[in-house]
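Undergrad: Sequence first, then the predicted structure:
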Amino acid sequence: MTRGGPLAGMRVLELAHVMAGPTCGLMLADLGADVIKVERVPGGDDTRRSVPPEVNGESAAFLMMNRNKRGIALDLKHPAARAALLRLVAKADVLIENYRHDTMAKLGLGYDALAEINPALIYCEISGFGRTGPYAERGGFDLIAQGMSGLMSITGEGPGRPPVKVGAPVSDITAGILGALGCVSAYVERLRTGKGQRVDTSLFEAGITHTYWQSAIAFATGIAPGPMGSAHPLNAPYQAFETADGWITVGAANQPNWDRFTREIGAPELRDDPRFKDNRGRMANLALLVETLAPYLKKRTSADWLARFEAAGLPAGPVLSVADMHADPQAQARHMIVETVHPKAGPTRAIGLPIKLSETPGGIRRPAPLFGQHTREVLGEAGYSGAEIETLRAAGAVACG
């Protein structure tokens, strides 16, 4: 199998489950790293039980998050399994973990212990709230992080409505991406100095990073902004509008686009309306602006408006379902929908790598592993003989697929 990508040669141990840690491992794997997913015995990653849906008995959620990784299964409560992991740590570049506070340390696998074995190790910890501060010992979930980071206070249809979380687990996914960025940054530093270090990020901080605009408003005014539906807190009109047969989004906030917009919808008089003449006025009268524009947008179908706006150079787009997005020609052209062939599930589709590099592109090389699929292979690379691996398996220290 040909390995490509800028991180080819990097070896990563992923002791992570569900989403944030596996997202971190996924990013590194797609960019070429050899990511070895270490699942617990018994049971493995909880995502294996996130069903339905299943593809020929395999969890669709697990297949999505764990492609490009090799998989081994260790019972880290067993001394022989811990010894095997330590042997892998000695030759690893990165270790990712997203267990609760002190879990790894209690197993003798915390950063200080592993740094003695491998001073060059980059030890990435992704937790609910970070490894310092008054909440360090709390467990974390995307829902909780979205609530506490302020995201749920700015998501939803408007004041007086129940709080709404972002549909996607953005705190989980963003924490994984931040973790991957931290790992790559620490790896660059290690190339200079030869020294490893800890990388520490959290779901809480990941959620906070999505509040840049709203935090800017709160810092400047002392007032925390609330939910605005699809509207923007600083620019208007910049939101979804209902058409004759559905919904579209329109970005007509700056003055040239506002001028184009009023012309294309057949309301040029609005361009010079003192209430809407500039962005300050449009934001001050946002509710009235939307009420005024709504009847114009409902006169035509979504396709009609999108064709008209595209011809005029006005930013606009359809509101696609996830399935429609999968079929979109731009998503296809950008290789954001990819296929792997799993040994049990068969051909399966996945989301592709969103980072394109001209000289050392990453890509999808293998499907998600079966439980313990690569235990023998990886332990063999670490110097274990076939007989030694069988002894570990018989003792319940490891599981072999």
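TA: Arrived safely, thanks for sending. Numbering: from 1, shown residues only.

Undergrad: The strand or helix carrying residue 282: what's the following helix or strand?
TA: Element membership for residue 282, per DSSP states H and E: helix 279-284. Where DSSP H and E defines the elements, the next helix or strand beyond helix 279-284 is helix 286-297.

Undergrad: for the most centrally placed residue in the chain, what are its contacts?
TA: Nearest residue to the geometric centre of the chain (C-alpha atoms, centre = their mean): residue 173, 2.5 Å. By C-beta atoms under 8 Å, 6 or more residues apart in numbering, the contact set of residue 173 is 19-20, 23. C-beta here means a position set from N, CA and C on the backbone, and glycine is covered the same way.

Undergrad: okay, it: pLDDT?
TA: Predicted confidence (pLDDT) for residue 173: 98.

Undergrad: All the strands of the stretch 51-200 of the chain, in order from the start?
TA: For the stretch 51-200 of the chain, applying DSSP state E, counting those that start in this stretch gives strands covering 54-55, 58-59, 69-74, 94-97, 122-127, 197-202.

Undergrad: any chance of these in JSON lines, plus distance to residue 86?
TA: As requested, the strands of the stretch 51-200 of the chain are exported to JSON lines (distance: least, C-beta to C-beta, whole Å):
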{"stretch": "strand 54-55", "distance to residue 86": "35"}
{"stretch": "strand 58-59", "distance to residue 86": "30"}
{"stretch": "strand 69-74", "distance to residue 86": "11"}
{"stretch": "strand 94-97", "distance to residue 86": "11"}
{"stretch": "strand 122-127", "distance to residue 86": "14"}
{"stretch": "strand 197-202", "distance to residue 86": "18"}
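
Undergrad: can you put the ones you listed in a markdown table and add mean neighbour count, distance to residue 393 and mean pLDDT?
TA: Formatted as a markdown table, the strands of the stretch 51-200 of the chain follow (neighbours: other C-beta atoms under 10 Å; distance: least, C-beta to C-beta, whole Å; pLDDT from 0 to 100):
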| stretch | mean neighbour count | distance to residue 393 | mean pLDDT |
| --- | --- | --- | --- |
| strand 54-55 | 16 | 27 | 94 |
| strand 58-59 | 22 | 22 | 96 |
| strand 69-74 | 25 | 10 | 98 |
| strand 94-97 | 27 | 23 | 98 |
| strand 122-127 | 27 | 28 | 98 |
| strand 197-202 | 22 | 33 | 98 |
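
Undergrad: what's the closest of the ones you listed to residue 383?
TA: Judged by C-beta to C-beta, the one of the strands of the stretch 51-200 of the chain that comes nearest to residue 383 is strand 69-74, at 14.5 Å.

Undergrad: which other residues reach that closest one?
TA: Contacts to strand 69-74, defined as C-beta under 8 Å, 6+ apart, come from residues 14, 25-26, 29, 34-41, 44, 81-82, 84-85, 366, 368-375, 377-379, 397-401.

Undergrad: Quick one: buried ones out of those residues?
TA: Among those, those scoring as buried are 14, 25-26, 29, 34-41, 44, 81-82, 84-85, 366, 368-375, 377-379, 397-400 (criterion: 16 or more other C-beta atoms under 10 Å).

Undergrad: among these, which are in strands?
TA: Members of the buried ones among the contacts of strand 69-74 lying in strands (criterion: DSSP state E): 14, 34-40, 398-399.

Undergrad: Put together CSV for those residues, with distance to residue 166 and pLDDT on each row.
TA: Shown next, in CSV, are these (distance: C-beta to C-beta, whole Å; pLDDT from 0 to 100):
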residue, distance to residue 166, pLDDT
14, 25, 98
34, 33, 97
35, 27, 98
36, 31, 98
37, 27, 98
38, 30, 98
39, 29, 97
40, 30, 95
398, 39, 97
399, 36, 96
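
Undergrad: Next, please give the residue ranges for the helices of the stretch 251-400 of the chain.
TA: 255-264, 279-284, 286-297, 302-312, 322-327, 329-333, 375-381, 386-394 (DSSP state H, counting those that start in this stretch).

Undergrad: if you compare those, which one is most tucked away?
TA: Neighbour counts (mean count of other C-beta atoms under 10 Å) averaged over each of the helices of the stretch 251-400 of the chain peak at helix 375-381, with a mean of 19.

Undergrad: next one: it to chain centre, how far?
TA: Relative to its parent chain, helix 375-381 has a centroid offset of 29 Å by C-alpha atoms, centre = their mean, to the nearest Å.

Undergrad: Kindly export it (C-alpha atoms) in PDB.
TA: In PDB, the C-alpha atoms belonging to helix 375-381 read as follows (Å, rounded to 0.1, in the frame of the first residue of the first chain):
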ATOM      1  CA  THR A 375      -3.400  -6.500  16.700                       C
ATOM      2  CA  ARG A 376      -1.100  -9.200  15.400                       C
ATOM      3  CA  GLU A 377       0.400  -7.000  12.700                       C
ATOM      4  CA  VAL A 378       1.200  -4.100  15.000                       C
ATOM      5  CA  LEU A 379       2.500  -6.200  17.900                       C
ATOM      6  CA  GLY A 380       4.600  -8.100  15.400                       C
ATOM      7  CA  GLU A 381       6.100  -4.800  14.200                       C
END
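
Undergrad: Output the below-cut-off pLDDT ranges for the stretch 201-350 of the chain.
TA: Counting by pLDDT under 70, the stretch 201-350 of the chain contains no low-confidence segment.

Undergrad: Residue 278: neighbour count?
TA: Using other C-beta atoms under 10 Å, the number of residues around residue 278 comes to 11.

Undergrad: Alright, calling it a day.
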